[in-house]
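Undergrad: Build me a model from this:
(one chain, ligands or ions: 2)
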Amino acid sequence: MIVLKFGGSSVASATAMSRVLDIVEQAAAKDRVVLISSAISGCTDALIQIGKAEDPEHMINSLRDRHIAIINRLFTGTERAEAIADCRNIFTEIRCIPPVIEAFGELLSTRILARKLACEGVKVKWLDSRDLVRTAPGSGSAGGPVDLEFTYAAIRDAIAASPNAKVFVAPGFIARDTNGAVTTLGRGGSDYTASLYAAALQADDLQIWTDVPGIMTANPKVAPAARTIPEISYRAAFDMARHGAKVLYAPAVEPAMRCGIAIGIRNTFDPANPGTVISDRRAVVREWKGVSSLDDPDGCTTHICLTGEGPSAGDAAAARRISTALRDAGIQPLGEVNCDDGDNCFIKVRTNVARNAVAAIHREFFEERALSTIEVYVAGYGAVGKALKAIVDGCEGQFPAAGKRVVIKEISSDHGFAEHVLQKARSRSVFVDCTDSVDIWKHFVQMLQAGINIVCSNRRSLAIPFVDYAAIKAAAAQNGCFFRYDTTVGNALPILQSISDGAGIGDGVTQIEAVVSCTLNYIITHYHAGQGDSFATLIRRAQAEGLTEPDPRFDLGGRDVLRKLLILSREAGVPLEEKDVKISPMLGPEYFEGGVEDFYRLLDANEDKFAQREKELKAKGLRQRFVATMKRDATGSKAEISMQLVGIDSPFYWIDGTENVTVIHSEESYPLVIKGSGEGAHLAASGIIRNILQ
Ligand code: ASP
Ligand code: MG
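TA: Numbers count the residues shown, from 1 in each chain. Ligands and ions are numbered 1, 2, ... in the order given. Presented below is the predicted three-dimensional model:
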């Protein structure tokens, strides 16, 4: 069984009714059909006026004439005479002013439709919804809650009583209460009638035919760029309808939903358009569906509802976006955005600005043309990868200041991910390396040749032989792609960009001095603070906090700083190789023999010596710093990494914890000193995002 419901404008004229009959006959070729119809458009309103008028004669006549005009165009001969007689009979009833006069429009329209189908040879049966849909007594014309048990049984019996009928036609909206009085299902209630018939009959399909192309992201009269929502959940459709989307009467959702019957919202004037399907068949992903608005009973305020589907992780971000969108449109909301129900966000505005507010919110959430989309593939799902995802999720990928939208297509720590991305990623997408892989860089040239940009926070991918480094840079330049790696030294600090372009010193760099080992800075500054922890204890703590490699000697030996120095120097145009750098580790060679536990034992054995030395240095006003230096002049360059003793006049003297300091000297100006936090996944991730958007 298929239930088809047509709204007032779908049956507003003879031409419109003919369209309806075409749709019904096509459906009837496949299955039995229940056709539910509204009154012809404007009829219910007119009837309400008639009910209130002192002298309704004129209005009654003009409404009757509208119906007779339709009949005259649809029928000839005796059929026409019979249809007109039928119509006049109903109008006689109306003249007697029954208590619920507005319910009669549906009787008129459906009698005409049923008669016309019969004329065309369809086996049709008109059903009187007054006998089938039962409500509790209500207040005013609308009845109380529907007695589902009675209603469903009555509908089933009525259908069973006419086994030969192919099409049943029934009026929407009208019902009868338990006292026998005619009632309605409330304004717009024909949708509900249809849903009740569908649920009673366990219909395969419920289609609500109207005059718009489905449920739209907003009222297109308010937001001209509004578009049809192809699929929506029952809940979201219900919420949109409840909060002002006029296309559907909210109570109609539930009966169909309970039986799992999909509701199609279709356009009678464009029957080929699939419209909107309301069901729960879709996989649930977070997605904003539409924006609706409803004037409050006070007549001066309007509440606007942005409806979403799926897990509500981004609601704080959504609230911010709404506030900003309104502010940018010069609209002052009344109160805060409320996203408490987890599905919808509400905001109240003055009614005179409501249309502008809806348009602004629609622009922000549904008109993405202004933001260009960047597809991102992230290799590495450690602390940085997770932080990156959290930032993107937190703002729903929207970076309006940069005019861009970031979509993380995939994120993975899998070994073969780089190759997978090469197969899959589109040109202009961005590959992010936040792994600690030593060989992932071997895919970079190929990626750049495929038009894939690269953002890298993995310094192992840069500290490679200079020829390879140069080949990657060349591939980027030749293919018009970017290869950015600002977070490889000093995390989110603007060090590399200052060397390459920011400070305009580029090739003029004569010297770089960098205290950029977070691990060593942490250990050294804490030891200096003298809280009583031994040197070994602090190294263990740094290790526990994830500041070191599994073997902390890797950091103590200066390897990580070496990588950073290579990157810094190359950025300044010096083709430095590892072997060019002289490293004097902070500890003697005996510490680098044996296993990690031997190492800690040796440290403990020498703790007194360390403490003694720290004491002496303190007395002299000196501090130890592990400094990487690259110097160059006309004759060449020199690079080294060593422990230095610095006094209070050194920029390296005041450092706390994992702070980094880099000093860039150039011929023309005073040294540039860049100091700040060199650690933290969130900072690294924000640096990566800056590189992506830049
Ligand atoms: N004709 C009724 C109304 O205008 C019911 C409906 O159209 O759904 O409210
Ligand atoms: Mg309607």
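
Undergrad: how about the residue of the stretch 251-400 of the chain found nearest ligand 1, what does it touch?
TA: The nearest approach of the stretch 251-400 of the chain to ligand 1 comes at Ala252, 9.1 Å away (Cβ to the nearest ligand atom). To be clear about C-beta, it is placed using only N, CA and C from the backbone, and glycine gets the same treatment. By Cβ atoms under 8 Å, 6 or more residues apart in numbering, the contact set of Ala252 is 191-192, 194-195, 208, 241, 263.

Undergrad: Report the secondary structure state of it.
TA: Under DSSP: H, G, I helix; E, B strand; the rest coil, the three-state class of Ala252 is helix.

Undergrad: what's the closest non-adjacent residue to it?
TA: Nearest residue to Ala252, sequence neighbours excluded (Cβ to Cβ, 6 or more residues apart in numbering): Asp191, at 3.7 Å.

Undergrad: What number of residues are in the vicinity of the one you found?
TA: Applying other Cβ atoms under 10 Å, we find 29 residues neighbouring Asp191.

Undergrad: On the three-state scheme, it is what?
TA: Quick answer, by three-state DSSP: Asp191 is helix.

Undergrad: For the residue most central in space within the chain, grab phi and psi.
TA: With distances taken as Cα atoms, centre = their mean, the residue of the chain nearest its centroid is Glu287 (4.6 Å). Note on Glu287: backbone dihedrals following degrees, to the nearest 10 are phi -160, psi 140.

Undergrad: That one is in contact with Pro311, isn't it?
TA: No - Glu287 lies out of contact with Pro311 (Cβ atoms under 8 Å); the separation is 10.2 Å.

Undergrad: Do you know the pLDDT at the residue in the stretch 501-650 of the chain that ligand 1 sits nearest to?
TA: Using Cβ to the nearest ligand atom, the single residue of the stretch 501-650 of the chain nearest to ligand 1 is Gly546, 62.8 Å away. Note for Gly546: predicted pLDDT of 82.

Undergrad: what's the neighbour count on it?
TA: 12.

Undergrad: Could you find which two of the contacts of Ala252 are furthest from each other?
TA: Using Cβ to Cβ, the two most remote members of the contacts of Ala252 are Ala194 and Ala241, lying 13.9 Å apart.

Undergrad: Which one of these two is surrounded by more residues?
TA: Ala194 (31 against 23).

Undergrad: Phi and psi next, for Ser41.
TA: phi -60, psi 140.

Undergrad: how much space between it and Val596?
TA: 83 Å (Cβ to Cβ, to the nearest Å).

Undergrad: More neighbours: these two, which one.
TA: Comparing Ser41 with Val596 by neighbour count (other Cβ under 10 Å), the higher total belongs to Ser41, at 20 against 13.

Undergrad: What count of nearby residues applies to the closest residue to the more buried one other than its chain neighbours?
TA: Distances taken as Cβ to Cβ, 6+ apart place Gly8 nearest to Ser41, at 3.6 Å, with adjacent residues excluded. Using other Cβ under 10 Å, Gly8 has 24 other residues around it.

Undergrad: give the contact list for Met643.
TA: 584, 586, 624-627.

Undergrad: And the next helix or strand past the strand or helix carrying it?
TA: Here Met643 is covered by strand 636-646, with elements defined by DSSP states H and E. With elements assigned by DSSP H and E, the helix or strand that comes after strand 636-646 is strand 659-666.

Undergrad: what residues does that next one touch?
TA: Residues contacting strand 659-666 (Cβ under 8 Å, 6+ apart): 489-491, 493, 495, 498-499, 503, 505, 508-516, 518, 521, 525, 568, 651-652, 655, 671-678.

Undergrad: ok now the following helix or strand past that strand, how far from the chain's centre?
TA: Downstream of strand 659-666, the first helix or strand assigned by DSSP H and E is strand 672-677. Strand 672-677 has its average C-alpha position 37 Å from the chain's average C-alpha position, going by Cα atoms, centre = their mean, to the nearest Å.

Undergrad: just stretch 553-568 next, same as before
TA: On Cα atoms, centre = their mean, the centre of stretch 553-568 falls 41 Å from the chain's centre.

Undergrad: contacting residues around the residue nearest to Ser41?
TA: 38-44.

Undergrad: So which residues lie in contact with stretch 667-683, not counting its own?
TA: 382-384, 386-387, 390-391, 490-495, 498, 503, 505, 508, 510, 516, 518, 521, 547, 651, 655, 657-666.

Undergrad: redo that, cut-off 6 Å
TA: Stretch 667-683 is contacted by residues 383-384, 387, 490-493, 495, 503, 508, 510, 518, 651, 658, 660-665 when judged by Cβ atoms under 6 Å, 6 or more residues apart in numbering.

Undergrad: of those, list those near ligand 2.
TA: Among these, not one lies near ligand 2 by Cβ under 5 Å from the ion.

Undergrad: what's the burial count for the residue in the stretch 401-550 of the chain that ligand 2 sits nearest to?
TA: Of all residues in the stretch 401-550 of the chain, Arg405 sits closest to ligand 2, at 35.6 Å by Cβ to the ion. Applying other Cβ under 10 Å, we find 19 residues neighbouring Arg405.

Undergrad: repeat for the one 5 residues further on
TA: Using other Cβ under 10 Å, the number of residues around Glu410 comes to 15.

Undergrad: Which strand or helix spans it?
TA: Going by DSSP H and E, Glu410 is part of strand 404-412.

Undergrad: Just want the angle from whatever helix or strand comes next after that strand to strand 404-412.
TA: Following strand 404-412 in sequence order, the next helix or strand is helix 417-424 (DSSP H and E). With axes from the mean of the first three to the mean of the last three Cα atoms, to 10 degrees defining the directions, helix 417-424 sits at 130 degrees from strand 404-412.

Undergrad: so after helix 417-424, what's the next helix or strand?
TA: Next in sequence after helix 417-424, counting helices and strands by DSSP H and E, comes strand 430-433.

Undergrad: Which pLDDT does the model give the residue of the stretch 251-400 of the chain closest to ligand 1?
TA: 98.

Undergrad: gap between it and ligand 2?
TA: Distance, Ala252 to ligand 2, using Cβ to the ion, to the nearest Å: 9 Å.

Undergrad: heads up, I number from 34, so please use that
TA: In the new numbering, first residue 34, that becomes Ala285.
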